[in-house]
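*Asks:* missing the sequence, but the structure's below:
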């Protein structure tokens, strides 16, 4: 970042994370817990602070001596937003809450290979009970986020403010950026010719008939014939998976089956399948399937190269066809860059800039000889499933190693300036609402360096 700003209380990374996993305090435990702070009707327990402290230690290792003070300051700010959200009658839907509960439970289950028994053994409670305990903290966090968005919704920044922000940063404090590039891509998957598609369909029809005629067990056929190597090793078993795990074509079939039912043959981007539903638990399915992937011939690969090469030449020589238009007309809509005009996002940073060291060796050698706005010849790649695709790359920009400047790094500087402005606005909002709200802080925290504004108004009631 470009500067060290005052603590942006509501944008600290913890934001109730620890509470979501330690929210199952019984009433008895709450009675023996200590109240560290009160904001209106909202109560902050000492255990809330300790839970977040433990979470921060696990994530970051060493912590500053006043970490507990920082956490309480953050929680007071969050609860002030929560208190105001209730006063403003901000509404959230049950679907929003359920979606977030499901996302958190599913994430925990995924780490346990969707083993419900392991989940219950670890927590000492059923999935349903844990979902119930997540409900209140998740509802509160949604209200906090909604209130914070409301407070900051009007905050924008002008180019003049960005320039002023940049000029306030001491020149010896400006960050140094390594050489970076911005890239755009068009990804194209070869299309299997109709003869090979028919051949795969006929082969899978034969396999399915062997099962329905009781000639051979499903698991044995899957192990022998399925092109999904991962599931073939376990008889085609895909395990327990939640809705959204599989491609839509697969799920539209699987979710309409009854336990034990075998589907008809259907097509997905991976080839032809049939699937059997083994069991169902809410939005979780236990299935097994057999996949036959049509064979791609060399002629199909050559045709894909020809399509992209022709497209590259058309973009380069025809000003009527932009790269962005070509992405929409010919690119694969399932890749992230498709909805970003072809611009590739750096997964490490979430922005469009890649340090040279961030690029895999394949892309490094492709762009090494490109000029800005030049497009590469088609290059082959494989996705995690082994599916072959071809890609053309456009070099959008290339910077040399340099100190941050408005000319080369405006978007980053603007982001930092906007963050500072939001920080200042939110701090002012907090200060103004402290004086209108009943707040109490336990005396054990009165020595905290960041607690003065909360303590000096602790006896004020609205």
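*Replies:* That came through, no problem. For clarity, every value in this text was computed on a predicted model and none was experimentally measured.
*Asks:* how many neighbouring residues does the closest residue in space to residue 387 that isn't next to it in sequence have?
*Replies:* Counting by C-beta to C-beta, 6 or more residues apart in numbering, residue 387 lies nearest to residue 189, which is 6.9 Å off, once chain neighbours are set aside. Just so you know, the C-beta spots here come from the backbone N, C-alpha and C atoms, and that holds for glycine as well. Look at residue 189: counted by other C-beta atoms under 10 Å, it has 15 neighbours.
*Asks:* would you mind measuring from residue 189 to residue 300?
*Replies:* 10 Å (C-beta to C-beta, to the nearest Å).
*Asks:* now do the same for the residue nearest to residue 387: its pLDDT.
*Replies:* Note for residue 189: predicted pLDDT of 90.
*Asks:* which residues does it contact?
*Replies:* 269, 304, 332, 387-390 (C-beta atoms under 8 Å, 6 or more residues apart in numbering).
*Asks:* what of residue 44?
*Replies:* 35-38, 72, 75-76, 79.
*Asks:* equivalent analysis for residue 260, please.
*Replies:* Residue 260 neighbours (C-beta under 8 Å, 6+ apart): 276-278.
*Asks:* what's the answer for residue 145, then?
*Replies:* Neighbours of residue 145 in contact, by C-beta under 8 Å, 6+ apart: none.
*Asks:* after the helix or strand where it lies comes which helix or strand?
*Replies:* Taking DSSP states H and E as the definition, one finds residue 145 inside helix 127-152. The first helix or strand that comes after helix 127-152 along the chain, using DSSP H and E, is helix 159-168.
*Asks:* compute the number of surrounding residues for the closest residue to residue 399 other than its chain neighbours.
*Replies:* Sequence neighbours aside, residue 180 is the residue nearest to residue 399 in space, at 5.0 Å (criterion: C-beta to C-beta, 6+ apart). Using other C-beta under 10 Å, residue 180 has 21 neighbouring residues.
*Asks:* show me the helices in the stretch 351-462 of the chain, by range?
*Replies:* 361-367, 406-434, 452-455 (DSSP state H, counting those that start in this stretch).
*Asks:* sorry, that was for the stretch 1-150 of the chain
*Replies:* Going by DSSP H, counting those that start in this stretch, the stretch 1-150 of the chain shows helices at 17-21, 27-32, 46-60, 67-87, 94-111, 116-123, 127-152.
*Asks:* can you pull the buried residues of the fifth one?
*Replies:* Meaning helix 94-111. 97, 100-102, 104-106, 109 (16 or more other C-beta atoms under 10 Å).
*Asks:* so which of the contacts of residue 260 comes closest to residue 362?
*Replies:* Nearest to residue 362 among those: residue 276, at 39.1 Å, using C-beta to C-beta.
*Asks:* from the contact counts, what lies against the host helix or strand of the closest one?
*Replies:* Secondary-structure element containing residue 276, defined by DSSP H and E: strand 271-281. Under the contact criterion of 3 or more C-beta pairs under 8 Å, 6 or more residues apart in numbering; DSSP states H and E, strand 271-281 touches helix 194-212, helix 248-254, strand 266-268, strand 284-292.
*Asks:* pick the most buried one from these.
*Replies:* strand 284-292 (a mean of 23; mean count of other C-beta atoms under 10 Å).
*Asks:* quick one: contacts of whatever helix or strand comes next after that one?
*Replies:* Counting by DSSP H and E, the next helix or strand C-terminal to strand 284-292 is helix 298-317. Residues from elsewhere that reach helix 298-317 (C-beta under 8 Å, 6+ apart): 186, 188-193, 196, 321-323, 326, 330, 375-378, 388, 390-392.
*Asks:* only whichever of these are buried, select them in ChimeraX.
*Replies:* Listed next is the ChimeraX selection for buried residues among these, using 16+ other C-beta under 10 Å:
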select :186,188,190,192,193,323,326,375,376,378,390,391,392
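*Asks:* list the ones among the contacts of helix 298-317 that fall in strands.
*Replies:* 186, 188, 388, 390-392 (DSSP state E).
*Asks:* got JSON lines for those, with distance to residue 131 too?
*Replies:* Converted to JSON lines, those look like this (distance: C-beta to C-beta, whole Å):
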{"residue": "186", "distance to residue 131": "43"}
{"residue": "188", "distance to residue 131": "43"}
{"residue": "388", "distance to residue 131": "42"}
{"residue": "390", "distance to residue 131": "45"}
{"residue": "391", "distance to residue 131": "42"}
{"residue": "392", "distance to residue 131": "47"}
